[in-house]
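A.B. asks: sequence first, then the predicted structure, then my questions.
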Amino acid sequence: MGKINKYANTPLDRDYFKRKENPNYGKAPKLTKCCGQDVDHEALNVNNEEEWKTIEEYVERHLREYSNTESTTVVACKTCGRLLEYKSVLKQDKKNWR
């Protein structure tokens, strides 16, 4: 019998794979200072022209597919431009609320 790996019988989480990929993972900040988002998370950025087009296409498609949506607001970090969320306003029509 060989030696058992020290990670056997323990849960492997996201941090395990981040440390495996980058040995200095624990030394750098894990969240952005401006918006508190995970540094490793690849999010769209409203300051990038191509990514803004992707955001616009998503909102346009959403407005077409969901006729009860009146408008959608793109919420982004004011400092770094990272997309945080979409907020939609539904039409205030009584037939939509059964």
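C.D. replies: In hand now; what should we look at?
A.B. asks: just the helices in the protein please.
C.D. replies: With DSSP state H as the criterion, the chain has helices at 14-21, 49-65.
A.B. asks: for Lys95, give its distance to Tyr66.
C.D. replies: 15 Å (C-beta to C-beta, to the nearest Å). (C-beta placed from N, C-alpha, C; glycine too.)
A.B. asks: between the two, tell me which one has more neighbours.
C.D. replies: Tyr66 (13 against 7; other C-beta atoms under 10 Å).
A.B. asks: could you list the low-pLDDT ranges of this structure?
C.D. replies: Scanning the chain with the threshold set as pLDDT under 70 gives 1-2, 96-98.
A.B. asks: try 80 this time
C.D. replies: 1-10, 14-15, 18, 22-29, 40, 93-98 (pLDDT under 80).
A.B. asks: from Thr72, how far off is the spatially most central residue of the chain?
C.D. replies: The geometric centre of the chain, computed from its C-alpha atoms, lies nearest to Ala43 (C-alpha atoms, centre = their mean), at 5.1 Å. Separation of Ala43 from Thr72 (C-beta to C-beta): 17 Å.
A.B. asks: what do you get for Gly81?
C.D. replies: Per C-beta to C-beta, Gly81 is found 18 Å from Thr72.
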